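Colleague: What follows is a predicted protein model with its sequence.
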Amino acid sequence: MSTTAVVILNWNGIHFLKEFLPIAIQNTSSNSEIIIADNASSDGSIEFLRTNYPLVRLICLDQNYGFTGGYNRSLAQIEAQYYILLNSDVEVTPNWDLPLIETLKNNADVGAVMPKMLSYYNHHEFEYAGAAGGFIDKFGYPFCRGRVFHTLEKDNGQYDGIHEIFWATGACMAVKADLYNQLGGLDDILFAHMEEIDFCWRLHHKGYKVLMNSNSVVFHLGGGTLPKYSPVKSYLNFRNNLIVLYKNLPKKLHTKIYLMRVLLDIIAAFYFLAYFNFSGFYIVFKAHAVFLSYLINGKIRRIKEVTLNPSLIDRNTVFLYFIKGKKNFLDIIS
């Protein structure tokens, strides 16, 4: 059994494997085993790996189970003390895994940790998917140290150090294997997007912290599986955000927040319509309709041990960002 399993989930990403896998192999410490989990790719990924990297362990799934199902089914076949979930479009730096694992080893109350995530295209700028650690505001909108909505900050070391955050990015997240399994892994119903927020929230319910350690740095390309403005990605983000809030908030508080979210999401829908984004308009209502159907059919259940975490930010980021013009993390929380 290896101490750490670095698991890269692949689906038709042969071009990413060709570019980033050699770097991962070179820059990952000898204490970590790199494993490729494949979601039934049809682009020659498996043949490429077997020919060029016969020593890299390969787990082949029988269909595309998405991010959540792919990882759950793959990690169930791996014995390790620590899992690192790593996107196939991430460029890692030398010994990037060591600070993450040391953080987990040395802190019994920490369940997950992420590196500082910078842009692959601009190494001096934070990357959208996680930046320097994630948070959510009072209405459930995610944002990060270094990224609020689509505004990306320059990295001037302003968020360096080891900091407590609310959620760690699924693009590169180290987690204690026993906790991952104890919590049942990622929620399959989410398929992809916001699954890491739900998972980290469940860690908080159990009394564990989530950290960002800037001593580990990675560069994320982003949009590897779904393009940034994909209607499918937008739909999953809207739908999954509603699911995550329902699961993790106390009932009375959720009712208040959901009513406000209905209003805010309707405004978002008509914003899409004003710019002739008809698919964006449609997916907002589809997301709410599917969410409600899940509730009616009992597909979503609340977490029993619900606790409010102080890392939830008591701010309305939509108002502050779009109306007040506050674009940076420090402006939002000040």
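Modeller: In hand now; what should we look at?

Colleague: Now do stretch 81-92: distance to the chain's middle.
Modeller: 12 Å (Cα atoms, centre = their mean, to the nearest Å).

Colleague: Next, the distance between the ends of that stretch.
Modeller: For stretch 81-92, the first-to-last residue distance is 21 Å (Cα to Cα, to the nearest Å).

Colleague: do stretch 29-44 as well
Modeller: End to end - Cα to Cα - stretch 29-44 spans 28 Å.

Colleague: Which positions in it come out as buried?
Modeller: The neighbour-count check on stretch 29-44 (16 or more other Cβ atoms under 10 Å) flags Ser32, Glu33, Ile34, Ile35, Ile36, Ala37, Asp38, Asn39, Ala40, Ser41 as buried. C-beta: built from backbone N, CA, C; applies to glycine.

Colleague: Quick check: chain neighbours aside, which residue is closest to the third one?
Modeller: Same thing as Ile34. Once flanking residues are discounted, Ile34 sits nearest to Val6: 4.9 Å by Cβ to Cβ, 6 or more residues apart in numbering.

Colleague: for the first one, same thing?
Modeller: The shortest distance from Ser32 to any non-neighbouring residue, by Cβ to Cβ, 6+ apart, is to Thr4 (4.1 Å).

Colleague: can you give me the helices for the stretch 1-150 of the chain?
Modeller: Per DSSP state H, counting those that start in this stretch, the stretch 1-150 of the chain carries helices over the ranges 14-27, 45-52, 66-75, 97-106.

Colleague: out of the ones you listed, nearest to Ala129?
Modeller: Proximity to Ala129 (Cβ to Cβ) singles out helix 66-75 among the helices of the stretch 1-150 of the chain, at 11.9 Å.

Colleague: what about the closest one, distance to the chain center?
Modeller: Relative to its parent chain, helix 66-75 has a centroid offset of 13 Å by Cα atoms, centre = their mean.

Colleague: what packs against it?
Modeller: strand 2-10, strand 32-38, helix 177-182 (3 or more Cβ pairs under 8 Å, 6 or more residues apart in numbering; DSSP states H and E).

Colleague: just so I know, which of those lies nearest Leu273?
Modeller: Leu273 sits nearest to strand 2-10 of all the helices and strands packed on helix 66-75, at 35.0 Å, using Cβ to Cβ.

Colleague: Just checking: what are the partner strands of that closest one?
Modeller: Here strand 2-10 is paired, per DSSP bridges, with strand 32-38 (parallel), strand 80-87 (parallel).

Colleague: could you dump those strands to TSV with mean pLDDT?
Modeller: Below are the strands paired with strand 2-10 laid out as TSV (pLDDT from 0 to 100):
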stretch	mean pLDDT
strand 32-38	98
strand 80-87	98
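
Colleague: The spatially most central residue of the chain: what's it in contact with?
Modeller: The centre of the chain sits closest to Gly170, judged by Cα atoms, centre = their mean, with a distance of 3.2 Å. Gly170 makes contacts with Phe67, Leu85, Asn87, Ala129, Leu186, Glu195, Glu196, Phe199, as judged by Cβ atoms under 8 Å, 6 or more residues apart in numbering.

Colleague: So it lies in a helix, does it not?
Modeller: No: read with DSSP: H, G, I helix; E, B strand; the rest coil, Gly170 is coil and lies in no helix.

Colleague: Can you tell me how far it is from Ala80?
Modeller: Gly170 sits 18 Å away from Ala80, going by Cβ to Cβ, to the nearest Å.

Colleague: Also Glu102?
Modeller: Taking Cβ to Cβ, one finds Glu102 at 16 Å from Ala80.

Colleague: of those two, who's got more company?
Modeller: Between Glu102 and Ala80, Ala80 has the larger neighbour count (other Cβ atoms under 10 Å), namely 19 against 15.

Colleague: thought the more buried one was touching Val175?
Modeller: No: checked against Cβ atoms under 8 Å, the pair Ala80 and Val175 is beyond contact range at 10.6 Å.

Colleague: Now do the shared contacts for those two.
Modeller: Contact criterion Cβ under 8 Å, 6+ apart; residues shared by Ala80 and Val175: none found.

Colleague: wait, what's in contact with His254?
Modeller: The neighbourhood of His254, defined by Cβ under 8 Å, 6+ apart, consists of Leu245, Tyr246.

Colleague: Is it located within a strand, as I assumed?
Modeller: No: under three-state DSSP, His254 sits outside any strand and is assigned helix.
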